[in-house]
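Q: need a structure here:
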Amino acid sequence: MATNTVTQRLQEAKHVVVFTGAGASAESGIPTFRDALVGLWERFDPAQFATPEAFRADPSLCWGWYEWRRNKVIHAQPNGAHIAIAELASHVPRLTVVTQNVDDLHERAGNQDVIHLHGSLHSPKCIDCGIAHTLPLPTDALPENGRRIEPPRCTACNGYVRPGVVWFGEMLPEDAWSAGLAAAEECDVFLSIGTSGSVYPAAELPLRALGHGATVVHINPERFDISSQEHFLEGAASVMMQKLLRESFGDLPA
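A: Next comes the predicted model:
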């Protein structure tokens, strides 16, 4: 149950930051790195695909896995948490959405100008020269999993096109990180949804918000340790976000 303090602070807030992790998209059927893979991908650890070295060592295997992920995202739908976050924008003067997720479910739910700290599956680029590329939507004919797919070649330098996500060992996009930090330091309320706050540097954002006087609220189905200055709402992201909106602003539109 949302506390009176949280609802009151949300009602009074002039700037709310919503910070989402994998748990916010899991209810839409998007597998996380912690989930067991299925089918022919079962023999792989997702982390082994998440480095530039892995891509260069076996481009077709790595590209095939990311195309499988992109196909899952494209056929997924925004869940109740994404929709509630988009609805929140109509109740507060300013809303900033910062996400660690590489899907576009926030945008499809109606949020604008989402800050993507870890890049996007929909923004591939050349691994050599960095030029952005556009990919066609995958079709239903794309095998469910386990298929090697040769990556496209860059039209400028003929290098391989790689997924536009941030891999282990890579820096976060400078513009996105700067915007996320600025929002965290300026907000009145910081809602951290579906993330345990254990992956740095992104996990620094709620700490920055707390340090600048914001009310920090963690929403997660599994409780974890927080400071005495923070709040915890235990439950699924969709359930808790819809409940928080009802308690703060009344009935949601049908």
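
Q: residue contacts, the closest residue to residue 236 other than its chain neighbours?
A: Ranked by Cβ to Cβ, 6 or more residues apart in numbering and with sequence neighbours excluded, the top spatial neighbour of residue 236 is residue 221, at 5.4 Å. In this view, the C-beta of every residue, glycine as well, is placed from N, C-alpha and C. The contact partners of residue 221, by Cβ atoms under 8 Å, 6 or more residues apart in numbering, come to 23, 234, 235, 236, 237.

Q: For PyMOL, what selects the buried ones among the residues you listed?
A: To isolate the buried members of the contacts of residue 221 in PyMOL, using 16 or more other Cβ atoms under 10 Å:
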select buried, resi 23+236+237
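
Q: can you put the contacts of residue 221 in TSV and add distance to residue 245 and secondary structure?
A: TSV is the format used below for the contacts of residue 221 (distance: Cβ to Cβ, whole Å; DSSP: H, G, I helix; E, B strand; the rest coil):
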residue	distance to residue 245	secondary structure
23	18	helix
234	17	strand
235	14	coil
236	14	coil
237	12	helix
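
Q: so residue 108 is in which element?
A: Using DSSP states H and E, residue 108 sits in helix 105-109.

Q: Give the other helices and strands that that helix contacts.
A: If you count contacts as 3 or more Cβ pairs under 8 Å, 6 or more residues apart in numbering; DSSP states H and E, helix 105-109 packs onto helix 80-88.

Q: Let me know the next secondary structure element after the helix it packs on.
A: strand 95-99.

Q: quick one: strands adjacent to that next one?
A: strand 16-20 (parallel), strand 115-116 (parallel) (DSSP bridges).

Q: which stretches of the protein have low pLDDT?
A: The chain contains residues with pLDDT under 70 at 1-3, 32-43, 137-146, 251-254.

Q: All the strands of it, residue numbers only.
A: For the chain, applying DSSP state E gives strands covering 16-20, 95-99, 115-116, 125-126, 161-162, 189-193, 215-220, 231-234.

Q: Output these in TSV, with distance to residue 153 appended to each entry.
A: TSV is the format used below for the strands of the chain (distance: least, Cβ to Cβ, whole Å):
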stretch	distance to residue 153
strand 16-20	34
strand 95-99	30
strand 115-116	25
strand 125-126	9
strand 161-162	7
strand 189-193	38
strand 215-220	42
strand 231-234	47
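
Q: so which of those strands comes closest to residue 183?
A: For the strands of the chain, the distance to residue 183 is smallest for strand 95-99, at 4.2 Å, taking Cβ to Cβ.

Q: and the closest one with strand 189-193, angle?
A: 30 degrees (axes from the mean of the first three to the mean of the last three Cα atoms, to 10 degrees).

Q: Any idea how far stretch 154-168 is from the middle of the chain?
A: Centroid displacement of stretch 154-168 relative to its chain, using Cα atoms, centre = their mean, to the nearest Å, is 21 Å.

Q: contacts for that stretch?
A: Defining contact as Cβ under 8 Å, 6+ apart, one finds that stretch 154-168 is touched by 47, 50-52, 55, 59, 62-63, 66, 70, 102, 117-129, 131-133, 135, 151-153, 172-173.

Q: how about a cut-off of 7 Å?
A: If you take Cβ atoms under 7 Å, 6 or more residues apart in numbering as the criterion, stretch 154-168 is touched by 50-52, 55, 59, 66, 102, 118-121, 123-129, 131, 133, 151-153, 172.

Q: Among those residues, which lie within helices?
A: Secondary structure assignment by DSSP state H places 52, 55, 59, 66 of the contacts of stretch 154-168 in helices.

Q: Not counting its neighbours along the chain, what's nearest the second one?
A: The spatial neighbour of residue 55 that comes closest, neighbours along the chain excluded (Cβ to Cβ, 6+ apart), is residue 62 at 4.5 Å.

Q: how many neighbours does that neighbour have?
A: 25 (other Cβ atoms under 10 Å).
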